[in-house]
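Engineer: Okay, structure incoming, though there's no sequence with it:
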């Protein structure tokens, strides 16, 4: 009988503890939800017109939504990567507070945020003052959250940081808020999803390989060699070649080359230069240069070669040097003879 009473008491005690935990968590969740300093998200990201990011290394990125077109501007002189802007706005839209920072580490975390946090200013509707400011600290030990602090200009800074995450995503948020200009740079060279192309010139260092392709829409494609129209050519191959220019990107502008080496590249003739003229007469150019490979390297056929089998050096319209994958550019630099039947 006594054992039955003891078992009953234990069951009741466990039940009471469970109820207490439930209401504690419920109250904590309620207090977090009602706290303005936990409202990191901006539901309507189409209202975001400007984002400024700065890190403790002195890097800054100013991203501004264009009045026309899809590509944001970067630091008022470049275009920003479309995928990176999309990822950033996704976080801004879906960011949630997962919980509080423990009382033990709270003071220390506030010091860390004050000294080394990334700062992110979010502007909406073209306003000159930020709507919200994030201070982004380290990631949690389980790599599923990021320590962040919110500042609301009208309210001031939050008195404590929070553990934040993005709903529907497992991982931390810190990497999406980078400030390095080179990482933000849009790498597109040719961008013609609607094939608004009038002419493509491929100028090889060996003139016999050079050719032009003109396009007047539909199947109206012409192939020229030495400025003479070629009557018999593989029209399917030429059309596929034309379609390759819908979206062409460099891999990166982060080359780690010394300025003197970049200058020496600019002074030598390119192996291939590609000029693309759109239907409005605008010209886009990329020049490709052979890149030295590792000692003992081989080409695609297994033959010894001093040149890199995977990359070219590439120079854009602005004279900037970047890395170009051969996988992307080799199909654009085939010789004229490839199109002959």
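Structural biologist: Done, it's in. All figures in this text were calculated on a predicted structure; none of them were measured in a lab.
Engineer: how close does the residue nearest to the spatial centre of the chain sit to residue 242?
Structural biologist: Centrality entry for the chain: nearest residue to the mean C-alpha point is residue 84, 3.0 Å, by Cα atoms, centre = their mean. Residue 84 is 29 Å from residue 242, where distance means Cβ to Cβ, to the nearest Å. Quick note: C-beta positions are derived from backbone N, CA and C, even for glycine.
Engineer: what do you get for residue 339?
Structural biologist: Residue 339 is 11 Å from residue 242, by Cβ to Cβ.
Engineer: for residue 230, same thing?
Structural biologist: Distance from residue 230 to residue 242, by Cβ to Cβ: 15 Å.
Engineer: so how many other residues sit close to the residue lying closest to residue 147 once chain neighbours are set aside?
Structural biologist: Counting by Cβ to Cβ, 6 or more residues apart in numbering, the nearest residue to residue 147 once its immediate chain neighbours are dropped is residue 137, at 3.9 Å. Using other Cβ atoms under 10 Å, residue 137 has 22 neighbouring residues.
Engineer: what helix or strand is residue 137 on?
Structural biologist: For residue 137, the host element (DSSP states H and E) is strand 132-139.
Engineer: can you check residue 182 too?
Structural biologist: helix 181-184.
Engineer: Report the inter-axis angle for the one helix or strand residue 164 maps to versus strand 132-139.
Structural biologist: Using DSSP H and E, residue 164 maps to strand 162-166. Strand 162-166 and strand 132-139 are oriented at 90 degrees to each other (axes from the mean of the first three to the mean of the last three Cα atoms, to 10 degrees).
Engineer: Sheet partners, orientation included, of strand 162-166?
Structural biologist: Strand 162-166 has these partner strands in its sheet, going by DSSP bridges: strand 95-100 (antiparallel), strand 146-152 (antiparallel).
Engineer: Please identify the deepest-packed of those.
Structural biologist: Mean neighbour count (mean count of other Cβ atoms under 10 Å) peaks for strand 146-152 among the strands paired with strand 162-166, with a mean of 22.
Engineer: if we can go back for a sec, how about residues contacting the strand holding residue 164?
Structural biologist: 32, 37-38, 40, 90-91, 94-101, 140, 144-150, 172-173 (Cβ atoms under 8 Å, 6 or more residues apart in numbering).
Engineer: Also stretch 224-236?
Structural biologist: Residues contacting stretch 224-236 (Cβ under 8 Å, 6+ apart): 207, 210-214, 219, 221-223, 336, 339-341.
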